[in-house]
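Visitor: just a sequence and a predicted model for now, questions to come.
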Amino acid sequence: MVAKKVSKKKSSLIILVIVFSSFICVGQNKKSVEDRLQINDSLLNISLKSYIKSYYRKQDWELFHKYLKEHLSLTARIGDTTSYARSIEYKAGYFKKKNTIDSAYYYYSQSLKLYKATQDSLNIGFTLLNLGIIQKNLRDYSASIHNLKQSLMYMKGRASQRRTSSSYNTIASNYTNMKLYDSALVNHNKAKELRETINNPAYLVQSLNNIGKVYKDKGDYATALEYFNKALGYNDVLIKYPNTKATLIDNQAHSLFLINKNNTIVEKNLLKALAIRESLDDSYGKAISYIHLAEFYKFYNNYKKATNYAKQSLALTEYLDNHKNRLEVLEFQILLYEGEEKERVLNYYSSTRDSLEFADKIELQNLYGIEQNIKGKELLISKQKQVINKQKFNLKKVYIVSLILFMLFLLFIYKKRREKHQYEDELDKRKLQVHAMKGHHYEDLSEDHLDEFYHTLKIKYKLSNQNLEFWNVFIKDLSQKEQAEILSITKNTLVKRRKSLKQKIEKKRSIVGYFTSKIAKRIYQDEEELFKNTYSKK
């Protein structure tokens, strides 16, 4: 038995040596593992960028945010600053679509800082374009024009015609809002020239509508009609983009009304545009259609319809927080109403204009406050550099932790085996105690033969060590208390072991009545005699 224990200890040491050697081999192959990880990260990076772009276009925001989060984590870990900035830019785009302007502005500013840090001029231009669009929507026209002109400098000769034309188009929109119509037309025409070279004519139709709108605001309704009519000639585009079709029909009809208020097709086309917008649930477009119809019905003294459409337009502009059109509706209502109602609208108009101007100033202050805070903080790029430096130690840490875990696992196995050996030693001691007791009946068996006899019993009756140990004690003339003390168990456990032994023996031998120690002893002696006879023949 001692030889067996020594052999087991040797095997444990051999296992430890083998595992330790395998870790040394892993350490030697560390470089190849790092190379494989870099390849996997590169492929994952490409896949995540594709998913983000796809779900952003589909506006599947749940999956968009899921993959965006994974991509930000990956690019931070591998130090891909450009890709990290691109994901931040997509996040800004999401907030822009949700009309959460402060968040959109914040994330566009973050991505701009990262692009500047990496001197990525093309993406700097794209981000400046997006910031310029937000500033235009907040009526900070001068700042918007400045950023848009900067975007053109960065994108020059590198960006697509579509992107470049978008910058010119937004600059023109700023000038239109500032009532600088000639400057607006110069930039709209630059956008139009670029869009004439683009395969997608939808952009050209947009430019034609924008130019017509400038002429309409300028008061040159005849020229405006020329552009609206030309844009309406692109039937294939208008079928694909019904909201653009509704805008052109409405602009055309309103221009005709301003030229000749008695034109018979004006009402029909205004209602036609409204019907399209209602089918699309285009709230912004419906607000414009309502005010144009209100103007039309006021001219024909149909004050009931004029009042109704004006109220619907005001409700929508308030809901959409559309400042420009809200003030336009209120100006119309001032002309529409008389007496106390007119006084009420005048007061509402004044308070609304003052509050909107104040709100715009506060909003802009908040946005530029965010920008200043970003400047005051450590650039994200510096954080990325720290992350890159930490990556150099990651595999080493994984290696060390894994080694420790394996060593702990082996120590756990070693401890369990040691406990098992201790248990077997304790069992041997108990055997000696049993041998010394009265009625010992196998003293002519040597220790080796006794082990062989135990082994024979275990195989024949499918006994566990506990079953065999209990059988040896059970056949003695001992009380339950004495049996429990020898086995170091409780009386309840003693009963369970007797039941277990009975079930094992019953599978081979017939037991009639209560399973007593005498029955157990008789069976044990039978097996002992059988073993002795078998052994003597050998």
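Guide: Looks like it came in fine. Note that the structure is a prediction, hence the values are computed from the model and not measured.
Visitor: buried stuff in stretch 253-272?
Guide: Buried residues in stretch 253-272, counted by 16 or more other C-beta atoms under 10 Å: A253, H254, S255, L256, F257, L258, V266, N269, L270, K272. Quick note: C-beta positions are derived from backbone N, CA and C, even for glycine.
Visitor: how long is it end to end?
Guide: Stretch 253-272 stretches 10 Å from its first residue to its last (C-alpha to C-alpha, to the nearest Å).
Visitor: distance from the chain centre to it, please.
Guide: Stretch 253-272 sits 50 Å away from the centroid of its parent chain (C-alpha atoms, centre = their mean, to the nearest Å).
Visitor: which two among the buried residues of stretch 253-272 are spaced furthest apart?
Guide: The span of the buried residues of stretch 253-272, defined through C-beta to C-beta, is set by L258 and K272 at 17.9 Å.
Visitor: neighbouring contacts of stretch 192-205?
Guide: Stretch 192-205 has contacts (C-beta atoms under 8 Å, 6 or more residues apart in numbering) with 161-162, 164-165, 168, 206-208, 211, 231, 234, 236-238, 240-241, 244, 248.
Visitor: if you set the cut-off to 6 Å instead, what comes out?
Guide: Outside of stretch 192-205, the residues within contact range by C-beta atoms under 6 Å, 6 or more residues apart in numbering are Q161, R162, T164, S165, S207, A231, Y234, V237, Y241.
Visitor: from the buried residues of stretch 253-272, pick the one nearest A224.
Guide: Distance to A224, by C-beta to C-beta, is smallest for S255 among those, at 5.0 Å.
Visitor: tell me the contacts of the closest one?
Guide: K216, Y221, A224, L225.
Visitor: can you add pLDDT and secondary structure and give those residues back as CSV?
Guide: Shown next, in CSV, are these (pLDDT from 0 to 100; DSSP: H, G, I helix; E, B strand; the rest coil):
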residue, pLDDT, secondary structure
K216, 92, helix
Y221, 91, helix
A224, 92, helix
L225, 92, helix
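Visitor: name the nearest of those residues relative to E89.
Guide: Checking the contacts of S255 against E89 with C-beta to C-beta, the nearest one is K216 at 34.7 Å.
Visitor: backbone dihedrals for L478, please?
Guide: Main-chain torsions, L478, degrees, to the nearest 10: phi -130, psi 150.
Visitor: could you check how far it is from N260?
Guide: Counting by C-beta to C-beta, to the nearest Å, the gap from L478 to N260 is 124 Å.
Visitor: before we move on, what about A231?
Guide: Taking C-beta to C-beta as the measure, A231 falls 21 Å from N260.
Visitor: then T197?
Guide: From T197 over to N260 (counting by C-beta to C-beta), the distance is 37 Å.
Visitor: just for the protein, where's the confidence low?
Guide: 1-38, 356-393, 420-448, 536-538 (pLDDT under 70).
Visitor: give me the residue at the spatial middle of it.
Guide: In the chain, the centroid-proximal residue (C-alpha atoms, centre = their mean) is K66; its distance is 1.8 Å.
Visitor: and I211, how far from M407?
Guide: Counting by C-beta to C-beta, the gap from I211 to M407 is 77 Å.
Visitor: more neighbours: those two, which one.
Guide: Between I211 and M407, I211 has the larger neighbour count (other C-beta atoms under 10 Å), namely 24 against 14.
Visitor: wait, what's in contact with the more buried one?
Guide: By C-beta under 6 Å, 6+ apart, the contact list for I211 reads H188, Y227.
Visitor: quickly find the element holding it.
Guide: helix 201-218 (DSSP states H and E).
Visitor: in that helix, what counts as buried?
Guide: Applying 16+ other C-beta under 10 Å to helix 201-218 flags 201, 203-216, 218 as buried.
Visitor: and for stretch 488-504?
Guide: Buried residues in stretch 488-504, counted by 16+ other C-beta under 10 Å: I489, L494, R497, R498, L501, K504.
Visitor: now those in CSV, with secondary structure and distance to S313?
Guide: Listed next are those as CSV, based on DSSP: H, G, I helix; E, B strand; the rest coil; distance: C-beta to C-beta, whole Å:
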residue, secondary structure, distance to S313
I489, coil, 90
L494, helix, 93
R497, helix, 91
R498, helix, 94
L501, helix, 94
K504, helix, 92
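Visitor: for the residues you listed, which one is nearest L74?
Guide: Taking C-beta to C-beta as the measure, L74 sits nearest to I489 out of the buried residues of stretch 488-504, at 57.6 Å.
Visitor: may I have the phi/psi pair for the closest one?
Guide: phi -130, psi 170.
Visitor: and K98, by the same measure?
Guide: Torsion angles, degrees, to the nearest 10, at K98: phi -80, psi 0.
Visitor: what's the neighbour count on it?
Guide: Other residues lying near K98 total 11 when counted by other C-beta under 10 Å.
Visitor: now the one 10 residues further on
Guide: Other residues near Y108 come to 25 when the count uses other C-beta under 10 Å.
Visitor: which non-adjacent residue is nearest it?
Guide: Spatial nearest neighbour of Y108, chain neighbours left out: A92 (4.3 Å); criterion: C-beta to C-beta, 6 or more residues apart in numbering.
Visitor: cool, and F531?
Guide: Nearest to F531 is F453, by C-beta to C-beta, 6+ apart, at 5.0 Å.
Visitor: the residue nearest to K286 when sequence neighbours are not counted: neighbouring residues, count only.
Guide: Leaving aside its chain neighbours, K286 sits nearest to R277 (4.9 Å; criterion: C-beta to C-beta, 6+ apart). Neighbours of R277 under the rule other C-beta under 10 Å: 24.
Visitor: okay, now L468: neighbour count?
Guide: Per other C-beta under 10 Å, the neighbour tally for L468 reads 18.
Visitor: no further queries at this time; thank you.
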